[in-house]
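Asks: Following is a predicted model, sequence given first.
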Amino acid sequence: MDVGGELEELRAALAARDALLAARDAEIEELRKQVAKLTETVRELQELLGRNSSNSNKPPSSDPPSAKRLKKKKKPKGRSRGGQKGHRGSHRELLPPEQVDRFEDLYPPECASCWK
């Protein structure tokens with residue numbers, strides 16, 4: 001047996017294996033970089049997808065119909081709604097019948113509910 005020849009064959013096989021491992025390591029490193037880049041892109045896209053008028057400078061009209069709008073609660077002012085007691089109100093005064101030229105009864109051409 002030729003020990004020198006076997007040793008050379010083993011060294012050649014070891015060198016080939018080292019080359020394959022180096023190529024695999026380089027490919028793994030490239031894939032890791034690609035995964036990191038794609039992860040960042042996904043994060044940015046999810047951030048864009050989650051934007052609406054409440055967390056960006058977009059107008060409310062650009063929100064999808066499913067978006068819930070936050071209503072601002074009004075602080076109670078201690079008064080009831082509507083016209084307040086003692087308020088005169090504003091309305092148009094009717095003329096006395098002596099100053100009216102004519103009276104006219106006006107009816108719609110058809111009923112709003114039954115269309116007759």
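Replies: Right, received. Where do you want to start? What you see is a predicted model, and the numbers here were worked out from it, not measured in a lab.

Asks: Now for the most centrally placed residue in the chain: which residues touch it?
Replies: Against the mean C-alpha coordinate of the chain, by C-alpha atoms, centre = their mean, the closest residue is residue 52 at 3.6 Å. By C-beta atoms under 8 Å, 6 or more residues apart in numbering, residue 52 lies in contact with 58, 62-64, 67. All C-beta spots, glycine's among them, are computed from the backbone N, C-alpha and C.

Asks: One more: residue 90?
Replies: Per C-beta under 8 Å, 6+ apart, neighbours of residue 90: none.

Asks: in what helix or strand does it lie?
Replies: Residue 90 belongs to no helix or strand when assigned by DSSP states H and E.

Asks: What of residue 21?
Replies: Here residue 21 is assigned to helix 3-49, by DSSP H and E.

Asks: avg pLDDT for that helix?
Replies: Here helix 3-49 scores 93 as its mean pLDDT.

Asks: Please compute how far it lies from its chain's middle.
Replies: Relative to its parent chain, helix 3-49 has a centroid offset of 40 Å by C-alpha atoms, centre = their mean, to the nearest Å.

Asks: One more: stretch 46-60?
Replies: 5 Å.

Asks: go on, stretch 51-69?
Replies: Relative to its parent chain, stretch 51-69 has a centroid offset of 5 Å by C-alpha atoms, centre = their mean.
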